[in-house]
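Asker: Predicted model and sequence follow; I will ask about them next.
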Amino acid sequence: TQLLEQSPQFLSIQEGENLTVYCNSSSVFSSLQWYRQEPGEGPVLLVTVVTGGEVKKLKRLTFQFGDARKDSSLHITAAQPGDTGLYLCAGASTGTASKLTFGTGTRLQVTL
Amino acid sequence: GAVVSQHPSRVICKSGTSVKIECRSLDFQATTMFWYRQFPKKSLMLMATSNEGSKATYEQGVEKDKFLINHASLTLSTLTVTSAHPEDSSFYICSATFGQNSWGAFFGQGTRLTVV
């Protein structure tokens, strides 16, 4: 069974602080995706990383895929209250490209 | 981006009754749809994979007779929770992809099921 462990599980920070969320596995994935989910809604895709070592930036969010394609990180610079939500990483395996394994989730709360 | 619509967003039903949840891809043909269950403050747990025109593939531990999935067209999949019990109360979410797409899934807005 593939497992994706996220850390930390919960993070409460003040506006303007930086943070990093980690997503780790012992399995290799063909791609890894990050989603943000708000209460009572479905997850929304933020980014997909495909190549080992790949770095993608989305405004204040920086995503990195590990060289071995087993792990990923999400770094948020100058967090804002609008960043509050549940962050989920999800891995797709070769051969079952559209089937995702979701990480354990990181709940982020950004306060004023 | 692609739009996936899930209906209803909330439903309350009596114990022993059945509830149907619809998942529609509005602007693309979804070759594969997935159904997830999410417990409070937890991640998504895959229940089953639904391919148009064929039987759904259920994950280990998911009762296929209790959670009936029908994928009759490329834009619609339904999940029916049969003989619902309070322990079936949960947040159910569908997602849709097209082709062997590893670029990301598009999720519905979820359905909050409460069985009383």
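Answerer: Cool, got the structure. Here the structure is a predicted model, which is why all the values come from computation and not from measurement. Residues are numbered from 1 along each chain as shown, chains lettered A, B, ... in the order given.

Asker: residues from chain A in reach of chain B?
Answerer: A:30-31, A:33, A:35, A:40-45, A:48, A:50, A:88, A:90, A:92, A:97-105, A:107 (C-beta under 8 Å from any C-beta of the partner chain). Any C-beta I mention is one placed from the backbone N, CA and C, and that applies to glycine too.

Asker: again, only using 7 Å
Answerer: Contact residues, chain A versus chain B (C-beta under 7 Å from any C-beta of the partner chain): A:30-31, A:33, A:40-43, A:45, A:48, A:88, A:92, A:97-100, A:102-105, A:107.

Asker: could you say which helix or strand contains the residue nearest the centre of chain B?
Answerer: Closest to where the C-alpha atoms of chain B average out (C-alpha atoms, centre = their mean) is residue B:35, at 3.5 Å. Secondary structure assignment for residue B:35, by DSSP states H and E: strand B:32-38.

Asker: Run the angle between whichever helix or strand comes after that strand and strand B:32-38 for me.
Answerer: Sequence-wise, the next helix or strand downstream of strand B:32-38 (DSSP H and E) is strand B:44-51. Here strand B:44-51 runs at an angle of 160 degrees relative to strand B:32-38 (axes from the mean of the first three to the mean of the last three C-alpha atoms, to 10 degrees).

Asker: Among the residues of chain A next to chain B, which are located in strands?
Answerer: Using DSSP state E, A:31, A:33, A:45, A:48, A:88, A:92, A:97-100, A:102, A:107 are the members of the residues of chain A next to chain B that sit in strands.

Asker: quick revisit: the residue nearest to the centre of chain B reaches residue B:94, doesn't it?
Answerer: Yes: counting by C-beta atoms under 7 Å, residue B:35 does reach residue B:94; the two are 5.4 Å apart.

Asker: So residue A:101 sits against residue A:5, correct?
Answerer: No: assessed by C-beta under 7 Å, residue A:101 is found out of contact with residue A:5, at 11.2 Å.

Asker: Compare neighbour counts for the two and give me the winner.
Answerer: Neighbour totals were compared for residue A:101 and residue A:5, and residue A:101 leads with 21 against 14 (other C-beta atoms under 10 Å in any protein chain shown).

Asker: Near residue A:46, how many other residues are there?
Answerer: So residue A:46, with other C-beta under 10 Å, has 18 neighbours.

Asker: give me every residue that touches it.
Answerer: Counting by C-beta atoms under 7 Å, 6 or more residues apart in numbering or on different chains, residue A:46 makes contact with A:34-36, A:58, A:61.

Asker: where along chain B do the strands fall?
Answerer: Going by DSSP E, chain B shows strands at B:4-7, B:10-13, B:19-25, B:32-38, B:44-51, B:57-58, B:67-73, B:76-81, B:90-97, B:106-107, B:111-115.

Asker: Pass me the low-pLDDT residue ranges in chain A, would you?
Answerer: By pLDDT under 70, the low-scoring segments of chain A are A:1-2, A:94-98.

Asker: one more time with 80
Answerer: Applying pLDDT under 80 to chain A picks out residues A:1-2, A:93-98.

Asker: thinking again about what came up before, which among the contacts of residue A:46 gets closest to residue A:69?
Answerer: Using C-beta to C-beta, residue A:34 comes nearest to residue A:69 of the contacts of residue A:46, at 14.5 Å.

Asker: beta partners of that closest one?
Answerer: Beta-bridge partners of residue A:34, counted by DSSP bridges, are residue A:47, residue A:89.

Asker: quick one: it from residue B:90, how far?
Answerer: Distance, residue A:34 to residue B:90, by C-beta to C-beta, to the nearest Å: 24 Å.

Asker: of these two, who's got more company?
Answerer: Each of residue A:34 and residue B:90 has its neighbours counted (other C-beta under 10 Å); residue A:34 has more, 26 against 20.
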